[in-house]
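Engineer: Quick one: sequence and predicted model below, then my questions.
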Amino acid sequence: MGGDRAAGPTGAHGDGTGRGARVSDLRATLERARPRGVDAIALRYWLLSRIGIFTLVSAGAWLFAENRDGRTPVHYLDRWTQWDTVHYVTIARWGYDGEPGIGQLAPLEAFFPGYPLAIRAVHTVSGLDYVVAGLAISLVASAVAIVALARLAAAEAAPGTAPAALAERTVLLFVLAPPAVFLAAAYTEALFLALAFPAWLCARQGRWAAAGVLTALACGVRITGVFVAAALVVEFLTATDGRRRWRSAPWLALPALPVAAYFTYLHDRTGDWNAWQHAQERGWYRNFHWPWEALANTWEAAYDEKQSTVFAWNFGAEIVAVGIGIALTLWLLRRRRWAEATYIGLQLYAFTTSYWFFSVPRSTLTWWPLWIALAAWTLRRPVVLQGYLAVIAPFAVAFVLLFSNGRWAG
């Protein structure tokens, strides 16, 4: 019996030690997984900015109630179910033919399938509402994109500039950008950037296979991925620091596959190899015009009182955004940053050769050289930061309220 009594405490002690070891292992795992450095900085700004945007949309539902008595706030999800979100959800739920009995609300072939497929997958696995699934994707993807942008900025820090300081400033300017609401909305921006920013980071590290795969996935989300792919090729060809390894070159052709697959699908469905472009033309007037013609048409839309005031105001913003893009491209060329100049320049070519400039402010979110360069400028000249925070950042609130109230916001 004495032996039995002695065994009891020993066994209990052993169980306790095992539980303690497991708890210690879990704590160690969580500690290793805890974001550090620029990642922690980026995620802090991501979290706070998400709280701000979602709270502002909630406030807008109360402040801009549209019912007759003004006593009932607009349903929260309705505030997020605006513009292209409706099209993405339609494709995710019913496919490119649109809702049965209603059909297409817009030429749905203009939208690449990557994001609607992701929405459908999240809905199928989780049972979430389609719009909520889209918002959840953007929530997670925006965190990935912001962390990748912070790492890009830290890697690009010039001598004499603290990498962490540049990363923090870049993220701050990015989350306060006027069109940043689209990183939270059920739009393609967050998912695209969660692929494109890491792709570019991999390219800068000479990891061409990963860059090719990520860019291919980005190409499945939106056509802008093609411009990233072109920039990757230029980056590969102009790399003089030992990153260029010719055996890795075939990976740079991978982004062409999803684009070819989607165009083939559209051809099988419509009999038209150029169905995507024709959809853009029917829905958004993206047929070819010379840049000076596009500028004239945009100027007329902005200032000749032929559009509603909201659209006119946004067409003015389109002109400003194109001007910023041109200045950025020239600056990149002057600094011999050929790949980034290719990326921005190709986008500008696409935007300025349509009937008018359209959706350029929203696309500035994808211009990572802009946010890094602007951050570096504010570190050198504090007055630039003061001007940005005092003059530019407040427009982020305006864009949130415009979008969540069903007004055009770029």
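Structural biologist: Alright, I've got the coordinates.
Engineer: helix/strand/coil for the closest residue to residue 297 other than its chain neighbours?
Structural biologist: Nearest residue to residue 297, sequence neighbours excluded (C-beta to C-beta, 6 or more residues apart in numbering): residue 356, at 4.3 Å. Where C-beta positions appear, they are placed from N, C-alpha and C, glycine not excepted. Following DSSP: H, G, I helix; E, B strand; the rest coil, residue 356 is assigned to coil.
Engineer: OK, contacts around residue 356?
Structural biologist: 285, 294, 297, 298, 301, 315, 318 (C-beta atoms under 8 Å, 6 or more residues apart in numbering).
Engineer: Could you report the distance from it to residue 47?
Structural biologist: 37 Å (C-beta to C-beta, to the nearest Å).
Engineer: cool, and residue 301?
Structural biologist: For residue 301 relative to residue 47 (C-beta to C-beta), the value is 38 Å.
Engineer: about what we covered before: which one of the contacts of residue 356 is nearest to residue 123?
Structural biologist: Comparing the contacts of residue 356 against residue 123 with C-beta to C-beta places residue 285 closest, at 32.3 Å.
Engineer: More neighbours: which of residue 301 and residue 47?
Structural biologist: residue 301 (22 against 12; other C-beta atoms under 10 Å).
Engineer: isn't that one right up against residue 314?
Structural biologist: No. At 9.1 Å, residue 301 does not count as touching residue 314 under the criterion of C-beta atoms under 8 Å.
Engineer: list the contacts for the spatially closest residue to residue 139 that is not a sequence neighbour?
Structural biologist: Nearest non-adjacent residue to residue 139, counting by C-beta to C-beta, 6+ apart: residue 50, 6.7 Å away. Going by C-beta under 8 Å, 6+ apart, residue 50 touches 139, 142, 184.
Engineer: wait, the second one sits on residue 183?
Structural biologist: Yes. Using C-beta under 8 Å, residue 142 is in contact with residue 183, at 4.5 Å.
Engineer: Neighbour count: those two, which is higher?
Structural biologist: residue 183 (27 against 24).
Engineer: Against residue 149, how distant is that one?
Structural biologist: Taken as C-beta to C-beta, the span from residue 183 to residue 149 is 11 Å.
Engineer: which residues do the two both contact?
Structural biologist: With C-beta under 8 Å, 6+ apart as the test, residue 183 and residue 149 both reach residue 193.
Engineer: about what we covered before: helices - which of the contacts of residue 50 land there?
Structural biologist: Among the contacts of residue 50, DSSP state H puts 139, 142 in helices.
Engineer: out of the contacts of residue 50, which one sits closest to residue 373?
Structural biologist: Of all the contacts of residue 50, residue 373 sits closest to residue 142, with 21.3 Å by C-beta to C-beta.
Engineer: what's the pLDDT at that closest one?
Structural biologist: On the pLDDT scale, residue 142 is placed at 98.
Engineer: quick one, what contacts it?
Structural biologist: Residue 142 neighbours (C-beta under 8 Å, 6+ apart): 46, 50, 183, 184, 190, 193, 194.
Engineer: same deal with residue 224?
Structural biologist: Contacts of residue 224 (C-beta under 8 Å, 6+ apart): 192, 196, 218, 347, 363, 366.
Engineer: Could you check how far it is from residue 166?
Structural biologist: Residue 224 is 25 Å from residue 166, by C-beta to C-beta.
Engineer: same deal with residue 367?
Structural biologist: 16 Å.
Engineer: Between these two, point out the one with more neighbours.
Structural biologist: Neighbours per residue, other C-beta under 10 Å: of residue 367 and residue 166, the larger number sits with residue 166, 24 against 20.
Engineer: can you tell me which residues contact residue 111?
Structural biologist: Residue 111 neighbours (C-beta under 8 Å, 6+ apart): 84, 87, 88, 91.
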